[in-house]
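Visitor: Show me how the following folds:
(one chain, ligands or ions: 2)
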Amino acid sequence: MHDKTSDTAFFFPKGEARPPTIPCTICGRQFGSKSISIHIPQCLEKWRRENEALPQSLRQPEPKPPEPILTESGEVDVEATQELFWQAHLQQLVPCPHCSRTFFPDRLDKHVTSCLSKS
Ligand SMILES: [Zn+2]
Ligand SMILES: [Zn+2]
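Guide: Numbering: from 1, shown residues only. Ligands and ions are numbered 1, 2, ... in the order given. Have a look, this model is predicted:
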């Protein structure tokens, strides 16, 4: 079974209207402008728990999610925040040492195992 979220195939297609959602910089899931600020602290908590469960050598530095950008009226500026969060999220991707494809840190392990068994 091919798991679409295991690679970077869900880059926003160029020239197409983006959905009015903001990617979580930690897990990459998309959220509405209202739910993103609720989700991020929860996601960070989960990230900390998972990271602490890893052996010392595999632990990652804690991500620092950026703050949503607000418009003058105090609403979340979806477009600007989308871009900012997406770029922040991309920086979290880790390249596979064998094929150089990039993966989310929590998926790299699984990929490297299958990547090695193929070569
Ligand atoms: Zn998340
Ligand atoms: Zn690989």
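Visitor: Residue 62 in helix, strand or coil?
Guide: Here residue 62 is recorded as coil under DSSP: H, G, I helix; E, B strand; the rest coil.
Visitor: Next, the contact list for it, please.
Guide: Residue 62 makes contacts with 44, 47-48, 51, as judged by CB atoms under 8 Å, 6 or more residues apart in numbering. (Each C-beta comes from the backbone N, C-alpha and C, glycine too.)
Visitor: Please indicate which of those are buried?
Guide: By neighbour count, with 16 or more other CB atoms under 10 Å, the contacts of residue 62 hold 44, 47, 51 as buried.
Visitor: How about the second one, nearest residue that isn't a chain neighbour?
Guide: Excluding its sequence neighbours, the residue lying closest to residue 47 (CB to CB, 6 or more residues apart in numbering) is residue 26, at 5.4 Å.
Visitor: same thing with the last one?
Guide: The shortest distance from residue 51 to any residue other than its chain neighbours is 5.4 Å, reached at residue 59 (CB to CB, 6+ apart).
Visitor: Would you mind listing what in the protein touches ligand 2?
Guide: 96, 98-99, 115 (CB under 5 Å from the ion).
Visitor: Residue 111 is in contact with residue 96, correct?
Guide: Yes: assessed by CB atoms under 8 Å, residue 96 is found in contact with residue 111 at 5.8 Å.
Visitor: Quick one, grab the pLDDT at residue 60.
Guide: For residue 60, the pLDDT comes out at 82.
Visitor: if we can go back for a sec, redo the buried ones among the contacts of residue 62 as CSV? Include secondary structure.
Guide: As requested, the buried ones among the contacts of residue 62 are exported to CSV (three-state DSSP):
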residue, secondary structure
44, helix
47, helix
51, helix
